[in-house]
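> output the structure for:
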Amino acid sequence: NGCEITSATIVLNYLGFNVSKVTMADTYLPKQYPYYNVDPNVAYMGNPHTGQGWYCLPGPIVTAVNSYLSSVGDTKYIAKDITGVSVDGLKDYIKKGHPIVFWATVGFSSPRRSYSFTLPNGEYPYTGLHCLVLKGYDEESMYIADPLGITSTASVDRFASVFQGMGSRAVIIAERGLL
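Got it, this is the predicted structure:
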């Protein structure tokens, strides 16, 4: 658990910030309990340190990163939810040197829902959700930093299918003037 904040921390470290995923999770990530009664757009569902944690979507990651940046007095960078971005839009960010935090599935399996409980909005939660970092691409493949170390590449077509199937959710951390 905790791939979302770990992916965001990978990008922060890439940008030169010396912060750990544990600090980000414990100090800055909004969390709520019990996990089955949490809106993942608002907070992490449960605790990423235990088996009582599920996931969060971009909102809590943007909140965590921007809270961290504020706490260290950084005014250069900002995190922004770019959900809805196209795969070509992701490629444009990568061309400009910006790795992207994005939501997919473990091993790029087909998106699935769990029917063990419903979220506050009445939807069923995802199962197998995974958050990773897009770091590059070429004509055939998308290159990925995976906090679990499972996936390092995905074909452009498979990437697009899973990324879009998971709602085209993504977060960029970049200089304020570029967003």
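> what pLDDT, on average, does the helix or strand encompassing Ile5 get?
Ile5 is part of helix 3-14, with elements assigned from DSSP states H and E. Averaging pLDDT along helix 3-14 gives 98.
> so what touches that helix?
With CB atoms under 8 Å, 6 or more residues apart in numbering as the test, helix 3-14 has contacts from 19-21, 24-25, 29, 44, 48, 55-56, 60-61, 64-65, 68, 79, 99, 101, 103, 130-133, 145, 147-148, 171, 173. (Glycine included, C-beta is placed from N, CA and C.)
> among these, which ones are in helices?
Among those, DSSP state H puts Lys21, Pro60, Ile61, Ala64, Val65, Tyr68 in helices.
> for this protein, which strand is longest?
The single longest strand within the chain, with elements called by DSSP state E, is strand 129-137.
> find the residue closest to Ser109 in space, skipping its chain neighbours.
Gly128 (5.8 Å; CB to CB, 6 or more residues apart in numbering).
> got the contact list for that neighbour?
Contacts for Gly128 (CB under 8 Å, 6+ apart) come out as Thr105, Val106, Ser109, Pro111, Arg112.
> present those as TSV; the columns should include neighbour count and secondary structure.
Shown next, in TSV, are the contacts of Gly128 (neighbours: other CB atoms under 10 Å; DSSP: H, G, I helix; E, B strand; the rest coil):
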residue	neighbour count	secondary structure
Thr105	21	strand
Val106	15	helix
Ser109	13	coil
Pro111	19	coil
Arg112	13	strand
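> okay, the residues you listed in a markdown table with pLDDT and distance to Asp92 next?
Output for the contacts of Gly128, formatted as a markdown table (pLDDT from 0 to 100; distance: CB to CB, whole Å):
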| residue | pLDDT | distance to Asp92 |
| --- | --- | --- |
| Thr105 | 97 | 24 |
| Val106 | 96 | 27 |
| Ser109 | 96 | 27 |
| Pro111 | 97 | 24 |
| Arg112 | 96 | 30 |
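> report how many residues lie close to the closest residue to Pro48 other than its chain neighbours.
Closest residue to Pro48 apart from its sequence neighbours, by CB to CB, 6+ apart: Gly2 at 3.2 Å. Close neighbours of Gly2, defined as other CB atoms under 10 Å, add up to 21.
> report how many residues lie close to Gly89.
14.
> which residues does it contact?
Ile82.
> any idea how far it lies from Ile82?
7 Å (CB to CB, to the nearest Å).
> then the helix holding Ile5 to PDB, C-alphas only?
Extracted as PDB, the C-alpha positions of helix 3-14 are listed here (Å, rounded to 0.1, in the frame of the first residue of the first chain):
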ATOM      1  CA  CYS A   3       2.200   3.500  -4.100                       C
ATOM      2  CA  GLU A   4       0.600   6.900  -4.700                       C
ATOM      3  CA  ILE A   5       2.700   8.800  -2.100                       C
ATOM      4  CA  THR A   6       5.700   6.700  -3.100                       C
ATOM      5  CA  SER A   7       5.400   7.700  -6.700                       C
ATOM      6  CA  ALA A   8       5.000  11.400  -5.800                       C
ATOM      7  CA  THR A   9       8.100  11.000  -3.600                       C
ATOM      8  CA  ILE A  10      10.000   9.600  -6.600                       C
ATOM      9  CA  VAL A  11       9.200  12.700  -8.500                       C
ATOM     10  CA  LEU A  12      10.100  15.000  -5.600                       C
ATOM     11  CA  ASN A  13      13.500  13.300  -5.200                       C
ATOM     12  CA  TYR A  14      14.100  13.600  -9.000                       C
END
